[in-house]
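Peer 1: have a look; sequence and predicted model below, questions after that.
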Amino acid sequence: MAFHSSERITQQIVEAGAKKAGLPIHKALILGFLGGAFISLGFLLDIRVIGNLPKEWGSFGSFLGAAVFPVGLMLIIIAGGELLTGNMLALPMAVFAKRATAAQLVRNWLLILISNFIGAIFVAYFFGHVVGLTETGPFLQKTAAIANAKIGETFIQALLSAIGCNWLVCLAVWMAFGAEDIGGKILAIWFPVMGFVAIGFQHVVANMFVIPAAIFAGQLGWADYFSNFVPVLIGNAIGGGVFVGLLYWIVYKDAVKTNALQTGHKMKKAV
């Protein structure tokens with residue numbers, strides 16, 4: 001399979017970040033709703049796969065759930081959607097390249113945060129609660145166990161876990177940009193996302209689904225959710241914006257600047 005170099009991927013993500021920065025509000029909200037819903041559907045699939053597996057399966061059962069979770073990011077990248085954790089990579093890189101402003105970054109993150117939350121709550125309430133997919137038998141037990149494990153971490157533990165999570169998620173996005181066909185994008189997404197789920201790292205949008213699902217089932221309260229939300233949001237931003245975006249920008253910024261200059265010269269000649 002052919003793939004792009006990291007220099008080319010850097011250029012692509014800068015361009016993508018610049019486009020995201022200028023998204024009209026209605027498009028950002030619709031695509032953000034889809035992004036939150038898609039990640040939640042991946043998590044719901046995970047729970048339905050592992051919910052009634054024998055306890056003796058242990059880590060292998062966790063691997064099976066992690067193996068199906070990546071469908072959410074596949075849908076976002078290939079079918080279309082906006083995901084806050086992915087934008088924690090793209091928007092900072094556009095800002096580093098001076099293709100977007102800090103104000104545009106904040107605007108985008110807020111719009112996608114709100115719409116991701118709405119999409120996640122939609123799946124948690126209607127599919128999890130009303131249909132009962134996370135509120136019956138072993139599936140309720142699994143949902144409650146996962147949610148309690150998320151909120152049971154200290155602020156520092158959740159923060160560090162979230163850094164690890166979005167480091168892997170943004171590497172999945174990075175490699176998906178490098179692939180030239182759908183098969184390559186699926187493979188690029190699957191391994192890192194499967195990895196973060198199997199490890200048990202914390203993802204702010206995935207938590208928008210599983211913790212509210214436990215709340216709707218009467219297992220937790222909203223105060224529990226918000227105590228988890230802050231460190232995970234901060235950690236995800238560091239994982240994507242610093243450990244992927246900033247580090248790769250430092251390495252490949254000269255190639256991006258050179259490409260921009262060459263493009264500018266070509267446009268002047270064409271004129």
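Peer 2: The structure has been received and is ready for your questions.

Peer 1: what about Val106, how many residues close to it?
Peer 2: Per other Cβ atoms under 10 Å, the neighbour tally for Val106 reads 11. C-beta coordinates here come from the backbone N, C-alpha and C atoms, glycine included.

Peer 1: Ala206 too?
Peer 2: 27.

Peer 1: would you list the phi and psi of it?
Peer 2: phi -60, psi -40 (degrees, to the nearest 10).

Peer 1: test my guess that it contacts Gly36.
Peer 2: No: Ala206 is beyond contact range of Gly36, at 9.7 Å (criterion: Cβ atoms under 8 Å).

Peer 1: identify the contacts common to these two.
Peer 2: Counting by Cβ atoms under 8 Å, 6 or more residues apart in numbering, Ala206 and Gly36 have no shared contacts at all.

Peer 1: where does this protein dip in pLDDT?
Peer 2: 1, 260-271 (pLDDT under 70).

Peer 1: where along the stretch 1-150 of the chain do the helices fall?
Peer 2: Listed in chain order, the helices found in the stretch 1-150 of the chain under DSSP state H, counting those that start in this stretch are 6-21, 25-50, 58-68, 71-74, 84-96, 102-122, 137-151.

Peer 1: quick one, which of those helices is nearest to Val169?
Peer 2: Closest to Val169 of the helices of the stretch 1-150 of the chain, according to Cβ to Cβ: helix 84-96, at 5.2 Å.

Peer 1: for that closest one, packing partners?
Peer 2: On a contact count with 3 or more Cβ pairs under 8 Å, 6 or more residues apart in numbering; DSSP states H and E, helix 84-96 meets helix 6-21, helix 102-122, helix 155-178, helix 204-216, helix 222-240, helix 247-270.

Peer 1: now that helix against helix 222-240, angle please.
Peer 2: In terms of direction (axes from the mean of the first three to the mean of the last three Cα atoms, to 10 degrees), helix 84-96 departs from helix 222-240 by 40 degrees.

Peer 1: buried set for helix 84-96?
Peer 2: For helix 84-96, a neighbour-count test (16 or more other Cβ atoms under 10 Å) marks 84-96 as buried.

Peer 1: residue nearest the centroid of the chain?
Peer 2: Among the residues of the chain, the one closest to the centroid is Thr85, at 4.0 Å (Cα atoms, centre = their mean).

Peer 1: residue contacts, that one?
Peer 2: Here Thr85 is in contact with Cys165, Asn166, Val169, Cys170, His203, Val204, Val205, Asn236, Gly240 (Cβ under 8 Å, 6+ apart).
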